[in-house]
Structures are given as C-alpha cells and as structure tokens.
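In: fold the following.
(one chain, ligands or ions: 1)
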Amino acid sequence: MSHKVNPFESLQEQIDEAAALLDIEPGKLERLKRPERVLETNLSVEMDDGSVELFRAFRSQFNGDRGPYKGGIRYHPGVDRDEVKALSGWMTYKTAAVNVPYGGGKGGIRIDPSQYTTAELERVTRAYATELRPIVGVDRDIPAPDVNTGQQEMNWIKDTYETLEGTTEPGVITGKGLDSGGTKGRVRATGRSVMLTAREAFEYLDRDISEATVAIQGYGNAGFVAARLLDDLGADIVAVSDTSGGVYNPDGLQEFAAKQYKRETGSVVGFEGATEQITNRELLTADVDILIPAALENAINEQLAHELGADIVIEAANGPLTPGADDVLSESDTYVFPDILANAGGVVVSYFEWVQNRQRFYWSESRVNDRLERIVVDAFDDLVETYERRDVSTLRTAMYLVAIERVRNAASDGGIWP
Ligand code: NAD
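Out: From the prediction side, this is the model:
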C-alpha cells in the first residue's frame, strides 16, 4: 500500500475535476475545497501504571452549508491533519451525494488502540470528548465511529458530553449501542450500502450478480458485512484479507467461518477453508468480477491499477484509489463505483439514529433497511443519470457533480455574510 499520496490533495483533485464542469467562481470553489476549521490538540492521559502519555488528536469541520458537520472518529497510528481534512471533505460530498441534511466532519486520534487496556482507552476517549465538547452538539457537529472505534467509544463520548453539559442528548453522537440510544441496522449499514451499490451496478450493466466472484481487501466491519450480504445475493466471496495477508478459495470462502477465525486468531491468515494464502497485492489483482477495497485510503495506486483483474470496483473504504489509479482506470473498461455512494450506508443510518433520538421514537430494523435502500437506490439513479447526461469520463466525477452542485447551491442560497 502506498502512503506517498496525500489524501487531502486527492480530495482536492477530485473536486477540481468535477467543478471544472460547473461554472463556479474561483473564490466560491476555494470554499468547497478546504475545511472551515480544524481542531488539533493534545490529550494528556494517565496510563494504568501511573505514567502520563500524550496523544495528538484532531477534528476537522469541513463544510456546514447543508447541515451540522457529520463524520466518524478514527483511532489509528497513521492519523494526521491532512488525512482528517480529506476524510471530512469526503463526508461533505457523501452526505450531499445521498442527500441527507448534513455537512461533513471527521476526527481522529493518533493511537494504536491494540496497545492499550480498555480502562486506558476509556480515559483517552473521555479526554478527547472533553476537547470536542465546545465544538460538537446535536445541531452543530455529530461524530460517529470509524476505523477502530465502535459502540463502546460512542457510548463513552455521549456519557462525557451529557455529564459535562448536564443534559440527556443522545443525538450528539451516532453509532451508539442500542441501550444507549443507538438504532437498529447501524452495525450492518455500511456493508449494506456496499451490497446495494453492487446490486444496482450489476442491474445497470445488465449482468447477473449471482454469478459474480468477489475479492475484499480489509475484513473488518464494512468488508465482512458486505461479504455476508453479497453471499445472500448468490455471489461467491473468493478472497478476503487484513493487515497480515489474505486467503483465497476459487469455489468461495465461507465468510462467516473466516470472520470467526479472524476473531479467534486476529487474522484471516491460516483460515482452513482457504485453498491458498495470498498477499494483499495478489488479492487486489485477483481475477474476479468485483473488487471491494474495504481497508484504508490509497490501497490502489497507479501501478496496481494497471494490474487489476476485476472490472467492477465498489469502494467500501474512503479514498482507496489514488488519483493516478483513477486516471488509469478511467481509460480502461473498469467501472469504479465511488466511496461517497457505496459506503454512505453508515452515515445514512446515522442520520436515522439522530432523527430517532430527536423524536424519542424508535424504528424497526426493517423500516431502517427499507429507508436506507430507498436512499441508496435514489442516489444510484442520480449518479447514472448524471453520468450519461453529462458524458463524463468516470462515475466518481458524475457523483461529485451531483454532490458539489448541492453544496454549492446551499452555500449560494445563504449568500455571503457579512
Ligand atoms: P475496521 O477496523 O472494522 O476494518 C478494517 C479492516 O481493514 C481490518 O480487517 C484491517 O485488518 C484491515 N486493514 C487495515 N489496513 C490494511 C491493509 N493495509 N491491507 C489489508 N487490510 C488492511 O474498519 P471499517 O469500519 O470496516 O472501515 C473500513 C473502511 O471503510 C475505512 O476506510 C472506513 O473509513 C470506511 N468506512 C467505514 C464505515 C463504517 O460504518 N464502518 C462507514 C464509511 C466508511
């Protein structure tokens, strides 16, 4: 995996490409390309042995023209200012692409959570929540989980916020546990939108998804749920991987058993249901119908793009292709269904969670899933309608055209003040 490409520059290139087709004044375009504000702070946290450790933490609020900032919190040693800025921009255009009333934000802590105890992680999370308190709020900025964070961290953040504010306001954060004001259907939402995007893509391309073979890089929340739901449609999951490597079986892997094996051993590597152990590079270039990058950004660079075996890429991860890879694939017969549509299920169901929190009225799982499906299918239709009408070279550019127009219009409607 290449780490040379700066994801913030990738985001700006993607915006420029689409914005060139819209008549946007340079000053207004600049506003669409950079965050409104970024919090960068120190968290000084006491460890179990009494020592104090310092963690660098961030929150980027990219654009609030369409509603409160919305986006996850990542715990990863690679978190830095530009990554958080890029991820907050992708959130802005993701919420616009699927037309939910939010702007975009993103946060993160530079930490390898596997090296800390639960009690230490709780103190780190509460320290972060304390730093976030002045800038978040149910109508201001609503964080959510991302890589290496989940219900537990969200519950801690909600509790810290509510304690400091002296209120009950579960809608300040989404992705909570069910008993803490979470919604049914949230855990599987991102994988579900990946599956729905793949299903719609096959229908659009007049192909049969029940005949498809699938390779998935990154067998975490998004990757595993996508595997399960694609299997339900009859597709064969033939390769999956994680940071340690991958496994392959041309007749299909039993995706639940592979997940169980990863849960027990920490990796899919060594899974007995595989016929071959493979590298991540071999997974990414495997001869399959669908490739789903579901790990981190920049997984596929220009060189790898030349070697892809799949002709349909569904981006579960945020920003898994470098701009160079995008250029290569735009000149090939490969269809790349972009992250801001394919992985939007997480933010859409977060939106449902926030609506339920505010109404104090909770929905059934089938209602959540039905409404998610309607939103993803509508966004997919907007994508292909724009792709064909504007005659653009990539599906990504078409999706950005839809999204940027919505953000630009919201900004123009409000005007410039003072
Ligand atoms: P996760 O932590 O549950 O899973 C990530 C997986 O990727 C892990 O299995 C990890 O081992 C693997 N991985 C990490 N680096 C790798 C590498 N270099 N090569 C191969 N595998 C690698 O995270 P997740 O929630 O599934 O998120 C995955 C991606 O999806 C991220 O880009 C995230 O931003 C995006 N995403 C997630 C959600 C969500 O709701 N979970 C929503 C939108 C987007």
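
In: tell me which parts of the stretch 101-250 of the chain are close to the ligand?
Out: By the criterion of CB under 6 Å from any ligand atom, the positions of the stretch 101-250 of the chain lying close to the ligand are 146-148, 190, 217-223, 241-243. For the C-beta atoms, the positions are set from N, CA and C on the backbone; glycine is no exception.

In: any chance of those residues in TSV, plus pLDDT and neighbour count?
Out: Listed next are those as TSV, based on pLDDT from 0 to 100; neighbours: other CB atoms under 10 Å:
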residue	pLDDT	neighbour count
D146	91	24
V147	90	23
N148	94	20
T190	95	26
Q217	98	27
G218	96	26
Y219	96	28
G220	92	20
N221	89	20
A222	94	29
G223	97	27
S241	97	27
D242	97	20
T243	95	14
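
In: between those residues, which sits nearest G108?
Out: Among these, D146 lies closest to G108 (CB to CB), at 7.4 Å.

In: need the pLDDT of the residue nearest to the closest one when sequence neighbours are not counted.
Out: In space, and not counting its chain neighbours, D146 is closest to G72: 3.0 Å by CB to CB, 6 or more residues apart in numbering. G72 is assigned 96 on the pLDDT scale.

In: how many other residues sit next to G72?
Out: 24 (other CB atoms under 10 Å).

In: mind telling me what element it is part of?
Out: Using DSSP states H and E, G72 falls within strand 69-76.

In: just checking: what are the partner strands of that strand?
Out: If you go by DSSP bridges, strand 69-76 pairs up with strand 104-110 (parallel), strand 141-145 (parallel).

In: now do the last one: everything it contacts.
Out: The reference is to strand 141-145. Contacts of strand 141-145 with the rest of the structure, by CB atoms under 8 Å, 6 or more residues apart in numbering, involve 59, 61, 68-73, 102, 105, 107, 132, 135-136, 151, 153-154, 157, 171-175, 346-347, 350, 354.

In: show me the contacts for A294.
Out: 194, 216-220, 222-223, 226, 316-317.

In: nearest to the ligand among these?
Out: Top of the list for closeness to the ligand, among the contacts of A294 and by CB to the nearest ligand atom, is G220 at 1.7 Å.

In: test my guess that the closest one contacts D242.
Out: Yes. Look at G220 against D242 with CB atoms under 8 Å: they come within range, at 7.5 Å.

In: which neighbours do these two have in common?
Out: A295.

In: returning to that earlier point: report the buried members of the contacts of strand 141-145.
Out: Buried subset of the contacts of strand 141-145 (neighbour count, 16 or more other CB atoms under 10 Å): 59, 61, 68-73, 102, 105, 107, 132, 136, 151, 153-154, 157, 171-175, 346-347, 350, 354.

In: work out for me the element the nearest residue to G346 once chain neighbours are set aside sits within.
Out: Of all residues not flanking G346 in the chain, T190 sits nearest, at 4.0 Å (CB to CB, 6+ apart). Assigned by DSSP H and E, T190 falls within helix 189-204.

In: residues making contact with the helix or strand following that helix?
Out: Going down the chain from helix 189-204, the next helix or strand is strand 213-217, by DSSP H and E. With CB under 8 Å, 6+ apart as the test, strand 213-217 has contacts from 223, 226-227, 230, 235-241, 246, 250, 280, 283-284, 286, 288-295, 299, 310, 316-317, 320.

In: residues of the following helix or strand past strand 213-217 that come out buried?
Out: Counting by DSSP H and E, the next helix or strand C-terminal to strand 213-217 is helix 221-232. Judged by neighbour count using 16+ other CB under 10 Å, the buried positions of helix 221-232 are 221-231.

In: can you name the two of those residues that sit furthest apart?
Out: Greatest spatial distance in the buried residues of helix 221-232: N221 and D231, 16.2 Å, computed using CB to CB.

In: and L54, how many neighbours?
Out: Residues near L54, counting by other CB under 10 Å, number 10.

In: partners of I314 in the sheet?
Out: With DSSP bridges applied, I314 shows beta-bridge pairing to F337.

In: cool, Y248 as well?
Out: Bridge pairing for Y248 (DSSP bridges) gives the partners A239, E276.

In: distance check, it against F224.
Out: Separation of Y248 from F224 (CB to CB, to the nearest Å) stands at 17 Å.

In: quick one: buried residues of the top strand by length along the chain?
Out: When the chain is scanned for its longest strand (criterion: DSSP state E), the result is strand 52-63. Across strand 52-63, burial judged by 16+ other CB under 10 Å covers 55, 57-63.

In: CSV for those residues, including pLDDT and distance to the ligand?
Out: Listed next are these as CSV, based on pLDDT from 0 to 100; distance: CB to the nearest ligand atom, whole Å:
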residue, pLDDT, distance to the ligand
F55, 98, 18
A57, 98, 17
F58, 98, 15
R59, 98, 15
S60, 98, 14
Q61, 98, 18
F62, 98, 15
N63, 97, 18
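
In: check contacts around the residue nearest to L229 when sequence neighbours are not counted.
Out: Sequence neighbours aside, M195 is the residue nearest to L229 in space, at 3.8 Å (criterion: CB to CB, 6+ apart). Counting by CB under 8 Å, 6+ apart, M195 makes contact with 225-226, 229-230, 232-233.
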